[in-house]
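Visitor: structure, please.
(chains A and B)
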Amino acid sequence: MDRGKNIIQEESANFSSCPLISNYQGSSENLLLDMGIQHPFPAFTSPLDAAPSASIPHMDWNPDTMLDNLTFIEAKIGQVKNVIRSMVGNGGQLWTEPGQQQQQQQVNADLTCLIVQLISTAGSLLPSLKNSSFLSHPPAGQMVNLAGTSSNSNPNAAVSEDHKEELGSPDYEEFFTGLTDGAVEGIDIENVVVKDHDVKDGNEGGEAGMDGDSLPPGSYELLQLEKDEILAPHTHFCAICGKGFKRDANLRMHMRGHGDEYKSPAALAKPPRDASMDQDTVVKRYSCPFAGCKRNKLHKSFLPLKTILCVKNHYKRSHCEKSHTCSRCHAKKFSIMADLKTHEKHCGQVKWLCSCGTTFSRKDKLFAHVGLFKGHTPLLPVDEPEAADKVAHAGGHQEPAKVEISMGSSFMWGNSSGNGGEPLGVSGLDGCSDDFLCTSNFGSFGFGLGQCHGFPEDQSEGLFQMLPSDHYQSGEKNGES
Amino acid sequence: MSEEEAQRYGGSAGGGGGGIGSLSVDLLGQVLDRVPEPRDRKACRLVSRAFARAEAAHRRALRVLRREPLPRLLRAFAALDRLDLSACASLDDASLAAALAGADLGTVRQVCLARASGVGWRGLDALVAACPRLEAVDLSHCVGAGDREAAALAAAAGLRELNLEKCLGVTDMGLAKVAVGCPRLQKLSFKWCREISDIGVDLLAKKCRELRSLDISYLKVSNESLRSISTLEKLEDLAMVCCPCIDDEGLKLLSTGSNSLQSVDVSRCNHVTSEGLASLIDGHTSLQKISAADSLHEIGQCFLSKLATLKATLTVLRLDGFEVSSSLLSAIGENCINLVEIGLSKCNGVTDEGISSLVVRCSYLRTIDLTCCNLLTNNALESIADNCKMLECLRLESSTSVSEKGLERIATCCPNLKEIDLTDCGVNDAALQHLATCSELLILKLGLCSSISDKGLRFIGSNCGKIVELDLYRCSSITDDGLAALADGCKKIKLLNLCYCNKITDSGLSHLGSLEELTNLELRCLVRITGIGISSVAIGCKSLIELDLKRCYSVDDSGLWALARYALNLRQLTISYCPVTGLGLCHLLSSLRCLQDMKMVHLSWVSIEGFEMSLRAACGRLKKLKMLSGLKSILSPELLQLLQACGCRIRWVNKPLVYKDAI
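Guide: Here you go, the predicted structure:
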């Protein structure tokens, strides 16, 4: 437990050293944007000041604040314990019935927000550790321990089950993504998804804003958010419970639960806009921070992105690892939850498989795909017994996660070697963290078992469900390119 | 090989003499290359070890007839180029894989597996893995083959020729596998693979840009396929027989395409008209062959005028089954002066006049098909003889008005005649006397010419020593003496049909025993022949592959014993209605290791146990079986399952037992 806590602290310190985290305390979205265009750190006049423990003047580091923060952390740990006890109090049953599932989701959300708060506050305890040695370390082991610790305190089967579910919730995943991307400067996604940046561009076409009003260069203000900002999960945090929100309006709705003073029309009203913002009629366009991307301002045929949402979606789709795996086919991966949901609507109707792992619901689409790409070939149903199994099992989510994971991994293996590309190697990924990448490249189940020996089996698997699959994807991409 | 060793081997071989052993293997290989007959090469091989060694090192082609020696043969011949396993009895995945495992087949480029229905994807996987330089595979008529088999072949990336004809299980997926896996394909046939659709053809056209020859006959593909095919720039030969969904629109698409078509076959495409063909000619002015048998309803003027644009190139024109007038034939003659082959089979309205006006311009004609043009008389033959000096093949079936007079002119004017079909023409011995002057004759069909007698056969036997195929179906005047003359003169005969020539007896068959190259012999309804005659044929005709003894009412077990003992190459046998017993059948089926196709309807003397035992004995080898449907319920289900599992197809027939005397 102690060790776990240390790591939480270290990790979050690391976390907070990024400008991204400091922005969490900023109240408005504009702040975030300003950060993007290389403003110095803004003044911290955040509503969080109201909460004693949450004022984090982390630039100058005084013992009082630290003590405050520690008290806050203690309180939060207490809350976490309470939540977990309440789960234990449920009799340790698995949440299977619908009503219980709902309850479980609620608990999950609470737990998530508590832990997020814990980490962000703990991070502020330490001064900037940007250049400390463990930054160059891969975070996986730490994350393993981190996640392990949080679940270690509740060795109940129900809890571990819960954790598995929890990882599926978008908040938590995004949090993790932010964590990895923020910390692992060395690995960086550039190495991973370089090949992909032009191909995917069509995807954002609709929302990207090149349509209709393609502005001549110079007629708009060009902003470029850094990847940390793009991947920041939440920009609005509750000053009382620390829960994060993507929209201020949602935060205001949430605040009503904390007392009557937040229910007044004034509190619920939209905060008045800055006068300066009102006058600001310059059209804004956005550039992707990914060098070499068509959406990057340095690209020779640069196409700007229209809104921040476009930036986020584009960046996640094109330059991030796809961490959301379809729970039915275990083959399709998405970096955006909504994309996964769209896919899941149609998943299971898949009949036509390509050797690259792409699936199609119509034969002619598969053939058009095969016709387009060199080296791709349609897979006969018999070629992929695992895939067939998976489709057959698509309905049964209750089976142990381990089986599904190992299936998923072997599926990926088969594909990438079938493409005739280089085997899943670390070639594109070295320069960082050998052990982490190696383990992740050599089978997700191996990773799970090797790293988390001490934990109950299904729990650890649940926890790592997301991580290895990320790295699978990256490995696969390398193989293809 | 050291010198003394060579001498020892050469000397010990005796017949080879001391000199042969001292020649180098290379030199002996050169010698063997100049020995065309397999039989002679076998003699060399048997008589001298030096030759045997030279052959092992130099042999390029191998046709294996039995499964058992396959591993040894593949190891022995290290320089094989062509491997023919189509006749290899009871070949299956396991035996093929085992044989391939021990052999070095680095040089093999062509493999024929036609009708090797026991071979599936596992065997093909092993084959493709063992033969890295594989360029051509023939998998035709493996009716059980499907996508997995196609996928196994697709692993041979260097494949240039592939025949998937009648691989009934192949679908778009299998074709896509092949298209992606074998981008260098030049020749591909997936005739009869009726599961293949437009999208498969489209993908093929995208991936295999080197295709020169394509056969999509009997497919349900539409004009869209032709649109894809029209992008194949190197395509020269396109066959689309009986594609009911293709019409003139498709041919128009084809004509606007970029390929260099030289040969197109739209036979029996019911929706193709002469306008479509005309537009096709528009786009491809160097067409050499057009086959439009039984497809066009009438030949329009537009087509005829377009033919003129092909004047220099068109060499083959097949227009079977049309209403053809004299003026049309003369127009064809005027427009296509370089024709080498014309097919007018079953065309109504072909008259002497029409033929005369055709041949008067087309003096290069070598093949003229006038099957069932029954208005023709000797005048037509005379004009053909006068104009087409290079004639090689003339088919006149059912032309009842031709006689020895016309044939005399043909025989004297066309010394190159190799094939003539006079079935049902009512010709007589005098006609044969004239034809016998054509010493190049290879194929002679005289079926239903009942006036032909031994005298006529003597003419043939004395002059036409090269004859390979002779059809004497229902030439009922022929007796043993005629066969004696024939067997004496025509030693090269491979195919002989003597069905219903019911004057033939055992002594006639004993003459046939001297025909060592005879492969196919039909003796249907020769009621006088017995086991003795069959014995002499079995002993003498060592190459016999197919034998038909249906309704030979006097052939009993003794005949089967002889076949079992001597006819070791026999692959196809019909013994329906023969008075054989279960014992004979059992012995036959357990002895003949090459037998694959057996017709045994109405074997009234064979008991159920007899059938059961004999079928079990031949289980792994049989591929086709024809039996009375009554047996279906009587034979044990395991046996039938076993047969099916070994790739055997059983045709159940249900017909009453009627004993017919000949004619």
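
Visitor: how about the nearest residue to residue B:555 once chain neighbours are set aside, secondary structure?
Guide: Leaving aside its sequence neighbours, residue B:555 sits nearest to residue B:578 (CB to CB, 6 or more residues apart in numbering or on different chains; 4.9 Å). For every residue, glycine as well, the C-beta is placed using N, CA and C. Classification of residue B:578 by DSSP: H, G, I helix; E, B strand; the rest coil places it in coil.

Visitor: how far does stretch B:262-281 sit from its chain's centre?
Guide: The chain centre lies 27 Å from the centre of stretch B:262-281; the measure is CA atoms, centre = their mean, to the nearest Å.

Visitor: any regions of chain A where pLDDT drops low?
Guide: A:1-61, A:88-102, A:123-214, A:233, A:272-281, A:348-350, A:382-481 (pLDDT under 70).

Visitor: how many other residues sit next to the residue in chain A that chain B sits nearest to?
Guide: Here chain A gets closest to chain B at one residue, residue A:377, 4.0 Å apart by CB to the nearest CB. Neighbour count of residue A:377, defined by other CB atoms under 10 Å in any protein chain shown: 23.

Visitor: so the closest residue to it other than its chain neighbours is in which element?
Guide: Nearest non-adjacent residue to residue A:377, counting by CB to CB, 6+ apart: residue B:180, 4.0 Å away. In this assignment (DSSP states H and E), residue B:180 forms part of helix B:172-181.

Visitor: who's in contact with that helix?
Guide: A:363, A:367, A:370, A:375-378, A:380, B:146-151, B:153-157, B:159, B:162, B:164, B:167, B:185, B:188, B:190, B:193, B:195-197, B:199-201, B:203-204, B:206-208 (CB atoms under 8 Å, 6 or more residues apart in numbering or on different chains).

Visitor: would you mind listing what in the stretch 251-400 of chain A touches chain B?
Guide: A:363-364, A:367, A:370-371, A:375-378, A:380, A:382-383 (CB under 8 Å from any CB of the partner chain).

Visitor: turn those residues into TSV, columns for distance to residue B:376.
Guide: Shown next, in TSV, are those (distance: CB to CB, whole Å):
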residue	distance to residue B:376
A:363	53
A:364	52
A:367	52
A:370	55
A:371	53
A:375	60
A:376	59
A:377	56
A:378	55
A:380	55
A:382	58
A:383	59
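
Visitor: contact partners for the residue of chain A closest to chain B?
Guide: By CB under 8 Å, 6+ apart, the residues touching residue A:377 are A:354-355, A:370, B:154, B:176-177, B:180-181.

Visitor: list the buried residues of the host helix or strand of residue A:114.
Guide: When elements are assigned from DSSP H and E, residue A:114 belongs to helix A:98-124. Across helix A:98-124, burial judged by 16 or more other CB atoms under 10 Å in any protein chain shown covers A:104, A:107-108, A:110-124.

Visitor: which strands and helices lie in contact with it?
Guide: helix A:2-16, helix A:19-24, helix A:63-89, helix A:157-168, helix A:170-183 (3 or more CB pairs under 8 Å, 6 or more residues apart in numbering or on different chains; DSSP states H and E).

Visitor: wouldn't residue B:556 be in contact with residue B:583 here?
Guide: No - checked against CB atoms under 8 Å, the pair residue B:556 and residue B:583 is beyond contact range at 10.6 Å.

Visitor: can you name the residue of the stretch 151-300 of chain B nearest chain A?
Guide: For the stretch 151-300 of chain B, CB to the nearest CB, closest residue to chain A: residue B:180, 4.0 Å.

Visitor: any stretches of chain B with poor pLDDT?
Guide: By pLDDT under 70, the low-scoring segments of chain B are B:1-18, B:661-663.

Visitor: chain A contacts on that one?
Guide: So far as CB under 8 Å from any CB goes, chain B lies against chain A at B:147-148, B:151, B:154, B:172-174, B:176-177, B:180-181, B:199-200, B:202-203, B:206-207.

Visitor: hmm, try it at 6 Å
Guide: Residues of chain B lying close to chain A by CB under 6 Å from any CB of the partner chain are B:147, B:151, B:173, B:176-177, B:180, B:199, B:203, B:206.

Visitor: how about the helix holding residue B:180 as PDB, C-alpha atoms only?
Guide: Output in PDB follows, covering the C-alpha atoms of helix B:172-181 (Å, rounded to 0.1, in the frame of the first residue of the first chain):
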ATOM      1  CA  ASP B 172     -15.400 -15.300 -55.600                       C
ATOM      2  CA  MET B 173     -13.400 -15.800 -52.400                       C
ATOM      3  CA  GLY B 174     -11.300 -18.500 -54.000                       C
ATOM      4  CA  LEU B 175     -10.800 -16.500 -57.100                       C
ATOM      5  CA  ALA B 176      -9.900 -13.400 -55.000                       C
ATOM      6  CA  LYS B 177      -7.300 -15.500 -53.200                       C
ATOM      7  CA  VAL B 178      -5.800 -16.600 -56.600                       C
ATOM      8  CA  ALA B 179      -6.000 -13.100 -58.000                       C
ATOM      9  CA  VAL B 180      -4.100 -11.600 -55.000                       C
ATOM     10  CA  GLY B 181      -1.700 -14.500 -54.600                       C
END
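
Visitor: after that helix, next one along is what?
Guide: With elements assigned by DSSP H and E, the helix or strand that comes after helix B:172-181 is strand B:187-189.

Visitor: that next one pairs with which strands, parallel or anti?
Guide: strand B:161-163 (parallel), strand B:213-215 (parallel) (DSSP bridges).
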